[in-house]
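# here is my input; please provide its structure:
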Amino acid sequence: MVTVLDDDAGQLILVGGIALAFVVIALALAFNGALFADSLADSTARADLDVSEQVDRQTARDVPRLLLYLNHRTPYADVGTLDEAVTANVSTYTRLSTETRLQSRPGVVNVTLVNRTYGTRVLQSTDGPFTEDGSVSGDPSWQPVDDRRAVGWAVLNLDAANVTDADGADRFTIELRDGVGNSATLYLSRNTTTGDDSRTVDVETVLSSGNGTAPTPCAPSQGRLLLDLRDGSSYGGGCTFNLTGPLEGPYEVRFTNGDAATGTYAFVTSGSPPNTLAAGSYACPVPKPCNAPVVWEATVVTSYETGTATTTNNRTVEVYS
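Numbers count the residues shown, from 1 in each chain. Here you go, the predicted structure:
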């Protein structure tokens, strides 16, 4: 038996089918939209995390360089003055980091330093003999680092024309001694084989281990010879020597015959001032040898904030490594 639907019933079924189709389509769109939103949120979160890691790595590279610059820009008289300079410059760094990131992605960078550890820069900032008070009458044999310290920086800037051509025990010497009985001695004297007006300086090392460096002529630049005692090299790569390699830090540092050379120097050590200079421990800035505070290491807290999340990273950075 065949049932014949009237026109009204057929139209009702047609309309119902169309309505059901729209419902199915709407549900599909809503489901796909939710999946897309979740995927977009996950993608955004991953991108924010990637940027946060980039910011943290960049900060870990930049902050030690910034602190190194501030430590050596000028000899600070006290820790408070140094801290003011550090705080102001880290604030500027934070602002510039945020401006850089905003060019590609919305986000705010904040960098702060906590748990700072201080060291000391021992320096003679104007040319003079390497004596205890920087004068010709000062004690020529003394210790700028008179107890064992970690030494993060050790640089001499010699006036090559005023390094004597003395031999043997009369030469200007720098001795480093570690805590297990090893020593290394650097001898400096003017090389006169090319004439009495020579500005070339002979550099020789003698080690308690027996593996020293024979006298090596080091040519100055514009009358100056810069020696990095830690790396055992002259700036510009003109000569190399073996000094700290065989030693196990920390070190004591002793000058002998400091009146046999003229120039400037700077040592950076861990901890409080490592010496008592003539007439007391001089606080910089003064023209004679003095002690200035430096930031040795610090804990850096880096946060990156977007509209949806904030990530924070902590790490300790060493300025002298």
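
# the strands in the stretch 1-150 of the chain, which residues?
In the stretch 1-150 of the chain, the segments counted as strands under DSSP state E, counting those that start in this stretch are 108-129, 142-149.

# my bad, the stretch 201-321 of the chain
Under DSSP E, counting those that start in this stretch, the stretch 201-321 of the chain gives strands at 201-207, 213-218, 224-228, 233-234, 251-256, 262-270, 290-305, 310-318.

# export those strands to JSON lines and tack on mean pLDDT and mean neighbour count?
Backbone N, C-alpha and C define where each C-beta goes, glycine included. Supplementary listing: those in JSON lines, determined by pLDDT from 0 to 100; neighbours: other Cβ atoms under 10 Å:
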{"stretch": "strand 201-207", "mean pLDDT": "91", "mean neighbour count": "21"}
{"stretch": "strand 213-218", "mean pLDDT": "86", "mean neighbour count": "16"}
{"stretch": "strand 224-228", "mean pLDDT": "94", "mean neighbour count": "20"}
{"stretch": "strand 233-234", "mean pLDDT": "92", "mean neighbour count": "20"}
{"stretch": "strand 251-256", "mean pLDDT": "94", "mean neighbour count": "22"}
{"stretch": "strand 262-270", "mean pLDDT": "95", "mean neighbour count": "22"}
{"stretch": "strand 290-305", "mean pLDDT": "92", "mean neighbour count": "21"}
{"stretch": "strand 310-318", "mean pLDDT": "89", "mean neighbour count": "14"}
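
# dump these to TSV, plus distance to residue 182.
As requested, these are exported to TSV (distance: least, Cβ to Cβ, whole Å):
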stretch	distance to residue 182
strand 201-207	8
strand 213-218	16
strand 224-228	20
strand 233-234	21
strand 251-256	10
strand 262-270	18
strand 290-305	24
strand 310-318	24
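
# and of these, who's closest to residue 154?
Residue 154 sits nearest to strand 262-270 of all the strands of the stretch 201-321 of the chain, at 5.1 Å, using Cβ to Cβ.
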